[in-house]
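Engineer: got a predicted structure plus its sequence, pasted below:
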2 protein chains.
Amino acid sequence: MTRSTETLLAAFREGKIAALARVVSIVENRRPDSDEILATLHPLIGRARRIGITGPPGAGKSTLTTLMARDYRAAGCKVGIVCVDPTSPFTGGALLGDRVRMEQVALDEGVFIRSMATRGSLGGLAAATREVADVLDAFGFDRIIIETVGVGQSELDVARTADSTVVVLVPESGDSIQTLKAGVMEIADIFVVNKSDRPGADRLRNDIELMLGLRRGVGYGSVPAHHGIDLNRAMNPAREAREASRNDSANAWTPPVLRAVAAKDEGVSELVESLDRHFGYLEKSGALRDKRRQRLVERVIDAVDRRMRLRLWKDEQASRWLQSRIPELESGTTTPYTVADELLEAHGHLVTRAEH
Amino acid sequence: MTRSTETLLAAFREGKIAALARVVSIVENRRPDSDEILATLHPLIGRARRIGITGPPGAGKSTLTTLMARDYRAAGCKVGIVCVDPTSPFTGGALLGDRVRMEQVALDEGVFIRSMATRGSLGGLAAATREVADVLDAFGFDRIIIETVGVGQSELDVARTADSTVVVLVPESGDSIQTLKAGVMEIADIFVVNKSDRPGADRLRNDIELMLGLRRGVGYGSVPAHHGIDLNRAMNPAREAREASRNDSANAWTPPVLRAVAAKDEGVSELVESLDRHFGYLEKSGALRDKRRQRLVERVIDAVDRRMRLRLWKDEQASRWLQSRIPELESGTTTPYTVADELLEAHGHLVTRAEH
């Protein structure tokens, strides 16, 4: 670790906001020292409650987030907010429309807000978000709200990194609950039907509850794949514990379907209460420990993934060897798949050790 | 390779559309045999011209694609179309609004259309799209149009896999060209200002041309990073050739800024002509060879990446070893980063050889 990073971490530990902001940037952009910083901060992680909020554009997630932050502040909690926006390369911040509303809490020094763009970051957005949340956790925030606009699978992956996931829907978000893709129902610990003063809100709530009834007893079964890797093998003990608790109906969690009109400040305290209840459930059932264990395993897998790529390709040997095979690839006397096999046979050992 | 895959490939070589559709599905979803199929088809690749079309939602890309396909068909070319849509988990096909218009060419058996969802596919969407385009190329399509809605960096990566990239903008797509993110100007070989009968079209064209003037002589400099890996080392000879041609002004390409009103069928033949001119430029300047070489290198890197992950994690050793470290991770006596290093030291050798 460089001297300047050590100085930075000392300021971070003293609670300097400027140091926090710099550490977040380093981790978000995977600059050098990023892994070392995360390793150093690792023992400080684990106190914060992580809350994911997702839903379609225009569902009122930012407004809800702002009001929740206000309530948490009133209860004496420090709040970190991570906003994940898919920035269009064409229209800039078009999807960030109401981000400006957050300014009402942004001036409070007990609140820290960071927007992350869904760029093609090395190792993936979900990993980067999880690590930024780790930094906020280590800094001492009590609640970390991760807000993602749900425009793709990657946003679901981000939401899944939280302890509790809130799915916000609005009556106009679709003709019916039928349009929700597989995956949305599974990730929700709490549903909020926002803009509940509009037509169709009751029907939407009924539809969600009907669907939840159909699925009751199905959820929380297996650990989702991470980068296509089946985590169930690495997670066996956790999974068995979870299976056991699932059969204990006293421990079961049925996602509540809440009403809210965030613009009129209605339903926010109910959401905060539901989140407290859900966290209590997570602690009591052992699911919290499972989730945190899963995050640890995912962190290892992500770190392994990054190391393999960097170690293989930062070495000139592998790149030069690949370069030497280009003429054969171009002439069609070999295929990229054969070359990949041969490259790993010749240079795959590079992944085993860090260069010093 | 299984017997059924051999039968499938025989039908594919005979030009059976049903076999094509199945091969595309296998490759898109990276089912078993996917790499072997691609390796088998590899010698058949290289005849098609690949055209990427991107732009913001609502710019009229599907309409343009349909009309281009019609023109290519009239010229006797077979046309494959790959549509890449970011499907929202909340609203289903909301962004696919005008996909239905393509039906006017979909009944022509010289046209094959495949929609790909931007799910979190193993190895990435750009890789999957490139490989589906390979399959269409091997099948014998003369033009492959890859249409992507530009809502994120990944769509730019997809567009970059083409020989020629068309960026479609509309007057209402932003207050000005200022909102275009870095990267958009760089990938465009041809600009189309669609809906040019609307106010602001001329200003948009002027703005684009002004910006192109400022950047003239800057483009085509370096090879973009792939998965964060600097390809320049592997691409050295190609790059030197490109640098040389860049200094030869007779060989320079300045992206034209075309007018179109796709809904009224205006400007399509100009676009097709511009694409032909651009392809002529690519051939003459050596840039086509560079691009194809780059695609070969990227295919190797993607295949290496997939192999490393699969070989490491499909082995029970590594998963069990990781499982055994969970208690230390949970107690905080070690960190995920240390565990990742140790795991690669102990089990990294697994990546060097395929299991048989």
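Structural biologist: Everything's here; your move.

Engineer: strands of chain A, start to end?
Structural biologist: With DSSP state E, the ranges of strands along chain A come out as A:49-55, A:79-85, A:111-117, A:143-149, A:164-169, A:190-193, A:257-259.

Engineer: I would like the residues contacting the fourth one, please.
Structural biologist: The contact list for strand A:143-149, computed with C-beta atoms under 8 Å, 6 or more residues apart in numbering or on different chains, reads A:48-57, A:61-62, A:65, A:68-69, A:72, A:77-86, A:95, A:129, A:133, A:136-137, A:155, A:158-159, A:161-162. Every C-beta, even on glycine, is put in place using the N, C-alpha and C of the backbone.

Engineer: related to what we said a few turns ago, mind telling me which of the strands of chain A the model trusts least?
Structural biologist: Lowest mean pLDDT within the strands of chain A: strand A:111-117, a mean of 83.

Engineer: list the helices and strands that strand packs on?
Structural biologist: In terms of contacts (3 or more C-beta pairs under 8 Å, 6 or more residues apart in numbering or on different chains; DSSP states H and E), strand A:111-117 is packed against helix A:17-28, strand A:79-85, helix A:103-106, helix A:125-139.

Engineer: among the ones you listed, which comes closest to chain B?
Structural biologist: Nearest of those to chain B, taken as C-beta to the nearest C-beta: helix A:125-139 at 8.7 Å.

Engineer: gap between that closest one and the chain center?
Structural biologist: A distance of 8 Å separates the C-alpha centroid of helix A:125-139 from that of its chain, computed with C-alpha atoms, centre = their mean, to the nearest Å.

Engineer: check whether that helix contacts chain B.
Structural biologist: No. For helix A:125-139 and chain B, the contact criterion (C-beta under 8 Å from any C-beta of the partner chain) is not met; the two come no nearer than 8.7 Å.

Engineer: which residues touch residue A:132?
Structural biologist: Applying C-beta under 8 Å, 6+ apart, we find residue A:132 in contact with A:24, A:27-28, A:82, A:114, A:116.

Engineer: next: residue A:167.
Structural biologist: Listed by C-beta under 8 Å, 6+ apart, the contact set of residue A:167 reads A:54-55, A:159, A:184, A:187-188, A:190-192.

Engineer: looking at the residues you listed, spot the one nearest chain B.
Structural biologist: When the contacts of residue A:167 are ranked by distance to chain B (C-beta to the nearest C-beta), residue A:184 comes first, at 5.1 Å.

Engineer: what number of residues lie near that closest one?
Structural biologist: Residues lying near residue A:184 (other C-beta atoms under 10 Å in any protein chain shown) number 22.

Engineer: please apply the same query to the one 10 residues further on.
Structural biologist: Counted with other C-beta under 10 Å, residues neighbouring residue A:194 total 28.

Engineer: low pLDDT regions in chain A?
Structural biologist: A:85-106, A:117-124, A:150-156, A:159, A:173-183, A:215-251, A:355-356 (pLDDT under 70).

Engineer: which elements pack onto the lengthiest helix in chain A?
Structural biologist: Assignment by DSSP state H gives helix A:287-313 as the longest helix of chain A. Identification of packing neighbours for helix A:287-313 by 3+ C-beta pairs under 8 Å, 6+ apart yields helix A:125-139, helix A:236-246, helix A:268-285, helix B:287-313, helix B:316-331, helix B:336-347.

Engineer: hmm, residue A:329 is touching residue A:339, no?
Structural biologist: Yes. The pair residue A:329 / residue A:339 is scored as a contact, 6.4 Å apart, by C-beta atoms under 8 Å.

Engineer: can you check which residues contact both of the two?
Structural biologist: residue B:300.

Engineer: thinking again about what came up before, okay, the helices and strands packed on helix A:287-313, which one's buried deepest?
Structural biologist: A comparison of the helices and strands packed on helix A:287-313 by mean neighbour count, using mean count of other C-beta atoms under 10 Å in any protein chain shown, puts helix A:125-139 on top with a mean of 24.

Engineer: relative to strand A:79-85, how tilted is it?
Structural biologist: Calculated by axes from the mean of the first three to the mean of the last three C-alpha atoms, to 10 degrees, helix A:125-139 forms an angle of 170 degrees with strand A:79-85.

Engineer: residue A:348 contacts residue B:347, correct?
Structural biologist: No. Using C-beta under 8 Å, residue A:348 is not in contact with residue B:347, being 11.8 Å away.

Engineer: grab the nearest non-local neighbour of residue A:163.
Structural biologist: residue A:50 (4.7 Å; C-beta to C-beta, 6 or more residues apart in numbering or on different chains).

Engineer: domains of chain A?
Structural biologist: According to automatic domain parsing, chain A comprises the domains A:1-43, A:45-290, A:314-352.

Engineer: now the terminal residues of the shortest one, how far apart.
Structural biologist: Spelled out, it's domain A:314-352. Taking C-alpha to C-alpha, to the nearest Å as the measure, domain A:314-352 stretches 14 Å from start to finish.

Engineer: any idea how far residue A:77 lies from residue B:208?
Structural biologist: Between residue A:77 and residue B:208 the distance, using C-beta to C-beta, to the nearest Å, works out to 49 Å.

Engineer: ok, now residue A:333?
Structural biologist: For residue A:333, the distance to residue B:208 - C-beta to C-beta - is 43 Å.

Engineer: pick out whichever of these two has more residues nearby.
Structural biologist: Per other C-beta under 10 Å, whichever of residue A:333 and residue B:208 has more neighbours is residue B:208, with 20 against 11.

Engineer: how about that one: what's its closest non-neighbour residue?
Structural biologist: Closest to residue B:208 by C-beta to C-beta, 6+ apart is residue B:257, at 4.9 Å.

Engineer: show me what contacts that neighbour?
Structural biologist: Residues in contact with residue B:257 (C-beta under 8 Å, 6+ apart) are B:191, B:193, B:205, B:208-209, B:212.

Engineer: tell me which two in the residues you listed are the farthest apart.
Structural biologist: Greatest spacing in these, by C-beta to C-beta: B:193 and B:212 (12.8 Å).

Engineer: more neighbours: those two, which one.
Structural biologist: Neighbours were counted for residue B:193 and for residue B:212 using other C-beta under 10 Å; residue B:193 has more, 27 against 18.

Engineer: what sits against residue A:212?
Structural biologist: Applying C-beta under 8 Å, 6+ apart, one finds that residue A:212 lies in contact with A:185, A:254-255, A:257.

Engineer: for ChimeraX, write the selection for the buried entries among those residues.
Structural biologist: Selection of buried members from the contacts of residue A:212 for ChimeraX, criterion 16 or more other C-beta atoms under 10 Å in any protein chain shown:
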select /A:185,255,257
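
Engineer: of the contacts of residue A:212, which belong to helices?
Structural biologist: Secondary structure defined by DSSP H assigns residue A:185 of these to helices.

Engineer: which of the contacts of residue A:212 lies closest to residue A:39?
Structural biologist: Minimum distance to residue A:39 across the contacts of residue A:212 is 35.5 Å, recorded for residue A:255 (C-beta to C-beta).

Engineer: any idea how far the closest one lies from residue A:352?
Structural biologist: According to C-beta to C-beta, residue A:255 stands 44 Å off from residue A:352.
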